[in-house]
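Asks: Next come a sequence and a model predicted from it.
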Amino acid sequence: MYDLRSDTVTKPSKKVLESALNAELGDDEYIEDPTVNNLEDECANLLGFEKGLFVTSGLMGNQISLLIHNDPGTEVITPHDSHIKNYEHGAAAFLSRVQFRDAEHTDGELNLEYVEKLILKSKVHKPIIKTVSIENTHLASGGSIVPFDSIESLSKIVREHGLKLHVDGARIWHAIEEDKNNMNYGDFCDSLTFCFSKALGAPIGSMLLGSMEFITEAREYRKKLGGGMRQVGVIASMAKTALQGRESILEDHAKAKKVYDFLNVNLNNEKIQSIVYKGTNMIFLNIKNQEDPNKLLDIFYNESINAGLIGEKSIRLVFHKDILQNDIDKICEKLVHSSSKF
């Protein structure tokens, strides 16, 4: 079975697992786990932030950021299809009691003029806007990369109006590996999260980055949310080892591109409206409104392709380290053969 549902289904490699056995440990509640401390500092240095905080999940990191940046009853500007708004079980409403204001975007890149209009209209009868949150890469657009110069320009607007800029960078390394010249997110963003369990191949964990003051407060919120742990170096060692192999992400991009090129030429089915590839590790098959994508998913599954839905009419194929280069030709043939039965 080729599992293309997500890059979260990967299994840790032997090297990643072995690193846990050899990790130097301490009590992270006392900030005494050297493996965690080193990982937090390494990640902060890589992306230009003052400090990092190891958290259990990207959701936790995102929600801690909203708790710090906002007051109850304030608003967060974000794309209408962002993860932080749509795929975190309403955590923002439950925890920080904020609401979201949809912003126009193209492949996750916000329309800056529209953002500024939203900020200026935040008066009298409308909630005060405190934060702008973007997602890089942008999941709902097919894993598209938000250009770094766009983030710089957005940061300027955000700071001019005294707001905070948060980056949900669950798959930020897909963007960074394509353009290693632009890694200094800390110069332009107030907080950023990224996942070790997406693309990188670690079994658990995410990193939250920000200023010293921000991370000090974030540590308090992490404790309140039940995220304080003890000998966390067992997990952090695996995250660190997985991070060291991040260049392999580009191989996943190449796998997806090869499949996309093949499907573009060989997949001819009028029930499939479009095939979308945005340069990273995902392909979306958009199914026509009158058709049921679950039927195609069942056909794929019977042909040993496990795929998933993203939205009501889009099937997502995600390529990752556990999908081998040697299997790509076979996957291409299976996808086309399955689609002919749809």
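Replies: Received, thanks.

Asks: so where does Glu213 fall, helix or strand?
Replies: helix 212-224 (DSSP states H and E).

Asks: Give me the buried positions along that helix.
Replies: Across helix 212-224, burial judged by 16 or more other C-beta atoms under 10 Å covers 214-215, 217-219, 221-222. Quick note: C-beta positions are derived from backbone N, CA and C, even for glycine.

Asks: which helix of the chain spans the most residues?
Replies: helix 249-266 (DSSP state H).

Asks: how about that helix: buried residues?
Replies: Result for helix 249-266 [16+ other C-beta under 10 Å]: buried residues 249, 251-253, 255-260, 262-263.

Asks: neighbouring contacts of the helix or strand bottoming out on mean pLDDT in the chain?
Replies: Every helix and strand of the chain was ranked by mean pLDDT, DSSP states H and E. The lowest is helix 112-120, at a mean of 92. With contact meaning C-beta atoms under 8 Å, 6 or more residues apart in numbering, helix 112-120 is reached by 77, 101, 103-104, 129, 132, 150, 153-154, 157, 161, 163.

Asks: The most far-flung residue of the chain relative to its centre in helix, strand or coil?
Replies: Computed with C-alpha atoms, centre = their mean, the residue of the chain farthest from its C-alpha average is Val124, at 34.7 Å. Per DSSP: H, G, I helix; E, B strand; the rest coil, the local secondary structure of Val124 is coil.

Asks: check contacts around it.
Replies: Applying C-beta under 8 Å, 6+ apart, no residues contact Val124.

Asks: And the one 4 residues further on, by the same measure?
Replies: Under the criterion of C-beta under 8 Å, 6+ apart, the contact list for Ile128 reads 71, 73-75, 122.

Asks: where exactly do the strands run in the stretch 151-300 of the chain?
Replies: Using DSSP state E, counting those that start in this stretch, the strands found in the stretch 151-300 of the chain span residues 164-168, 191-195, 206-210, 272-277, 282-287.

Asks: Quick one: closest of these to Gly143.
Replies: strand 282-287 (3.8 Å; C-beta to C-beta).

Asks: Packing partners of that closest one?
Replies: Applying 3 or more C-beta pairs under 8 Å, 6 or more residues apart in numbering; DSSP states H and E, one finds that strand 282-287 contacts helix 249-266, strand 272-277, helix 293-302, strand 314-318.

Asks: closest to Gln63 out of the ones you listed?
Replies: Comparing the helices and strands packed on strand 282-287 by C-beta to C-beta, strand 314-318 comes nearest, at 24.0 Å.

Asks: could you give the angle of the closest one to helix 293-302?
Replies: Orientation check (axes from the mean of the first three to the mean of the last three C-alpha atoms, to 10 degrees): strand 314-318 against helix 293-302 gives 30 degrees.

Asks: any chance of the strands of the stretch 151-300 of the chain in TSV, plus mean neighbour count?
Replies: TSV is the format used below for those (neighbours: other C-beta atoms under 10 Å):
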stretch	mean neighbour count
strand 164-168	25
strand 191-195	27
strand 206-210	28
strand 272-277	16
strand 282-287	24
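
Asks: would you turn these into TSV with distance to His83 and mean pLDDT?
Replies: Shown next, in TSV, are those (distance: least, C-beta to C-beta, whole Å; pLDDT from 0 to 100):
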stretch	distance to His83	mean pLDDT
strand 164-168	6	98
strand 191-195	10	98
strand 206-210	13	98
strand 272-277	18	96
strand 282-287	14	98
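
Asks: Indicate which one of the ones you listed is closest to Val36.
Replies: It's strand 206-210; of the strands of the stretch 151-300 of the chain, that one is closest to Val36 (C-beta to C-beta) at 10.5 Å.

Asks: Which parts of the chain are helices?
Replies: Using DSSP H, helices in the chain cover 14-21, 34-47, 58-69, 83-86, 91-95, 112-120, 148-160, 172-178, 212-224, 233-244, 249-266, 293-302, 328-339.

Asks: how about the longest one as CSV, C-alpha atoms only?
Replies: Just to be clear, that refers to helix 249-266. Output in CSV follows, covering the C-alpha atoms of helix 249-266 (Å, rounded to 0.1, in the frame of the first residue of the first chain):
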residue,chain,number,x,y,z
ILE,A,249,12.6,17.3,1.1
LEU,A,250,13.7,18.4,-2.4
GLU,A,251,13.5,14.7,-3.5
ASP,A,252,9.9,14.7,-2.4
HIS,A,253,9.3,17.7,-4.6
ALA,A,254,10.9,15.9,-7.5
LYS,A,255,8.7,12.8,-6.9
ALA,A,256,5.5,14.9,-7.0
LYS,A,257,6.7,16.8,-10.1
LYS,A,258,7.3,13.5,-12.0
VAL,A,259,3.9,12.2,-11.1
TYR,A,260,2.2,15.5,-12.0
ASP,A,261,3.9,15.6,-15.4
PHE,A,262,2.9,12.0,-16.1
LEU,A,263,-0.7,12.6,-15.1
ASN,A,264,-0.9,15.7,-17.2
VAL,A,265,-0.1,13.7,-20.3
ASN,A,266,-1.8,10.4,-19.5
